[in-house]
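A.B. asks: I would like the atomic coordinates for the input below:
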Amino acid sequence: MNLFADIRNLVLGALNDMVAAGTLPGGLDTTAVAVEPPRDAAHGDMATNAAMVLAKPAGMAPRAIADALVARLSADPRVIGAQVAGPGFINISLAHTVWQGIIGAALAENTDFGRSNIGAGAKVMVEFVSANPTGPMHVGHVRGAVVGDALSRLLSFAGWNVTREYYINDAGSQVDVLARSAFERYREANGLEPEIREGLYPGDYLVPVGEALKAKYGDSLLDKGEEVWLADIREFATHLMMEEIRSDLALLGVKMDVFSSEKALYGTGKIEAAIQALRDMGLIYEGTLEPPKGKTLEDWEPRMQTLFRSTAHGDDVDRPVMKSDGSWTYFAPDIAYHYDKVQRGFDELIDIFGADHGGYVKRMKAAVSALSSGRVPLDIKLVQLVKLYKNGEPFKMSKRAGTFVTLRDVVEQAGAGVTRFMMLTRKNDVALDFDFDKVLEQSKDNPVFYVQYANARINSVIRKAREAGLPSDDATLRAADHAILSHPAELQMAKKLAEWPRVVEIAAKSNEPHRVAFYLYELASEFHGLWNKGNDDTSLRFIQDGNAATSAAKIALVRATGVVIAAGLGILGVDPVEEMR
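C.D. replies: Residues are numbered from 1 along each chain as shown. The predicted model follows:
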């Protein structure tokens, strides 16, 4: 049940009636007609912009449309008031029974309350994490992993057919560096002093890799040149690192559907096929580029290169796909990988990138636009940095990793649920401070505690009701007389529950899972506020001694709140806490 969608349908029906009556011209595009909460709650329960967005195409004054629309809306039994505000906005007030009905709907649908079919089964691929397989995942990967996984859960909840994919960057020079670093640990495992020279990976995480290499090869590689062992150790070490990355992801509650290898694009004709597809469209040419911004002609040597005419699809400049020496640029395999995504039949593509990949946004969108003939949209979400603090100081790097704080460090300190929730308390393109002391403190300022505390309080009410012999199962609570819930604070709680389906749809359409975390905090605030009011006003307490009918209605409201919290936490990938310790 989506009450906002229901009232929007009421508005659209009234507009259609006006067209049929000749009050409004036909053929109007009503896509932009919205129904949403008013900016000021004192103005009503909902507001619509219908008259404002239709006035110009209808050739009418907004007020004229609004007055006619108000008359029709007022005839609906759910509407107890409709007024024109300002130049033509319409504020709508709904009957108490409408809000009270939300409670029964939530209990009937349980954690499916708010589930949507707006995705209509469209196939969407969410590519995220895609960390180089050169070591354990670090704190920056944590945020990208959480955003990608929560977005995948959100889109599934809203009706999309989601595939989670990890792109293994196993074809670049970084995996050669990994192999050389692992070889030094192999030497160490054989009793020699490792030479961790500048440019190699210094972390202790490669010590087990060296020991595994010794177990496989003994000392047979010690006197061999790099040309003998580099390829084998590269594959061996990459495999072990990917096993560790899978383990790290599992620790965070993230499971990928597909792992794609960059290396698999080389020597298979896939890169060549993607570039040829662009060439066939007239989008590949030989040419030179203008000097980059900030470079003078004296500092810039123009070279003939093979270029993708990405400016034809919205980019700022054309992009090289092949260097003057005939080797592929880094962009070429990325084009091939996204061409593969398009060929696999996805309707939408989403990439979760680190903030340092901002320069790739326009060129990747241009490539996908060209390769799909504009059919497949690509949304790229950039995830900003995370700054870690503990005891008021920046959290130090991991000894095991050598240069950074690992995902495992963070999860072991804070827990997977807390980590996931906190990573979604800011929009992905805003930097995030993660203070271990604050994320574990029990206060209103800690969003995850505040939401989990609300859930624990809800469970305590249900337990007490059960112990008192009062209704506590959903079927009985659904049948309770919810009309008893007439206090403004109780109605406000129901109104907040009614926003949940709308939040799901808005968050899914905008690919913004942080909206779910924001909403859960607001919902928890409403619930704690209602709880606290019961301390002063006994009529608002959830269990009313000697009055089973009133208790059942109030417990139903509590349980409906718990249903929504559980659904929201499920999207975030966080397990609800039933009891605070």
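
A.B. asks: burial measure for Asp575, as a count.
C.D. replies: Neighbours of Asp575 under the rule other CB atoms under 10 Å: 15. For glycine as for every other residue, the C-beta is placed from the backbone atoms N, C-alpha and C.

A.B. asks: show me the contacts for the closest residue to it other than its chain neighbours.
C.D. replies: Leaving aside its sequence neighbours, Asp575 sits nearest to Gly417 (CB to CB, 6 or more residues apart in numbering; 5.7 Å). Gly417 is in contact with Val448, Val574, Asp575, Val577, counting by CB atoms under 8 Å, 6 or more residues apart in numbering.

A.B. asks: swap in Leu151?
C.D. replies: By CB under 8 Å, 6+ apart, Leu151 lies in contact with Val126, Phe128, Ile350, Ile352, Lys381, Asn511, Pro513.

A.B. asks: can you verify the fourth one is assigned to a strand?
C.D. replies: What that stands for is Ile352. Yes. Assessed by DSSP: H, G, I helix; E, B strand; the rest coil, Ile352 belongs to a strand.

A.B. asks: enumerate every residue touching the spatially closest residue to it that is not a sequence neighbour.
C.D. replies: Ranked by CB to CB, 6+ apart and with sequence neighbours excluded, the top spatial neighbour of Ile352 is Phe128, at 3.7 Å. Going by CB under 8 Å, 6+ apart, Phe128 touches Gly144, Ala145, Val147, Gly148, Asp149, Leu151, Arg164, Glu165, Tyr166, Asp351, Ile352.

A.B. asks: tell me how many other residues crowd the first one.
C.D. replies: Read that as Gly144. 24.

A.B. asks: equivalent analysis for the fifth one, please.
C.D. replies: Applying the criterion other CB under 10 Å, we find 26 residues in the vicinity of Asp149.

A.B. asks: let me see the backbone angles for the residue positioned nearest the centre of the chain.
C.D. replies: The residue lying closest to the centre of the chain (CA atoms, centre = their mean) is Leu151, at 2.9 Å. Dihedral pair for Leu151: phi -60, psi -40, per degrees, to the nearest 10.

A.B. asks: read off the pLDDT value for the closest residue in space to it that isn't next to it in sequence.
C.D. replies: Spatial nearest neighbour of Leu151, chain neighbours left out: Pro513 (4.8 Å); criterion: CB to CB, 6+ apart. Here the pLDDT value assigned to Pro513 is 98.

A.B. asks: the residue lying closest to Gln100 once chain neighbours are set aside - how many residues pack around it?
C.D. replies: Distance criterion CB to CB, 6+ apart; nearest residue to Gln100, sequence neighbours excluded, is His482 at 4.1 Å. By other CB under 10 Å, 26 other residues sit near His482.

A.B. asks: which one of the contacts of Gly417 is nearest Ile543?
C.D. replies: Nearest to Ile543 among these, counting by CB to CB, is Val577 at 21.6 Å.

A.B. asks: distance of that closest one relative to Arg457?
C.D. replies: 11 Å (CB to CB, to the nearest Å).

A.B. asks: again, but for Val207
C.D. replies: Here Val207 is placed at a distance of 47 Å from Arg457 (CB to CB).

A.B. asks: just Val321 next, same as before
C.D. replies: 58 Å.

A.B. asks: alpha carbons only: can I get the helix or strand containing Arg185 in PDB?
C.D. replies: In the assignment (DSSP states H and E), Arg185 maps to helix 173-189. Provided in PDB are the C-alpha atoms of helix 173-189 (Å, rounded to 0.1, in the frame of the first residue of the first chain):
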ATOM      1  CA  SER A 173      51.000  -3.600 -13.800                       C
ATOM      2  CA  GLN A 174      49.700  -3.700 -10.200                       C
ATOM      3  CA  VAL A 175      49.400  -7.500 -10.300                       C
ATOM      4  CA  ASP A 176      53.000  -7.800 -11.500                       C
ATOM      5  CA  VAL A 177      54.000  -5.700  -8.400                       C
ATOM      6  CA  LEU A 178      51.900  -8.100  -6.300                       C
ATOM      7  CA  ALA A 179      53.800 -11.100  -7.800                       C
ATOM      8  CA  ARG A 180      57.200  -9.500  -7.100                       C
ATOM      9  CA  SER A 181      56.100  -8.600  -3.500                       C
ATOM     10  CA  ALA A 182      54.900 -12.200  -3.000                       C
ATOM     11  CA  PHE A 183      58.200 -13.500  -4.300                       C
ATOM     12  CA  GLU A 184      60.100 -11.600  -1.600                       C
ATOM     13  CA  ARG A 185      57.800 -13.300   1.000                       C
ATOM     14  CA  TYR A 186      58.500 -16.600  -0.600                       C
ATOM     15  CA  ARG A 187      62.200 -15.900  -0.100                       C
ATOM     16  CA  GLU A 188      61.500 -15.000   3.500                       C
ATOM     17  CA  ALA A 189      59.600 -18.300   4.000                       C
END
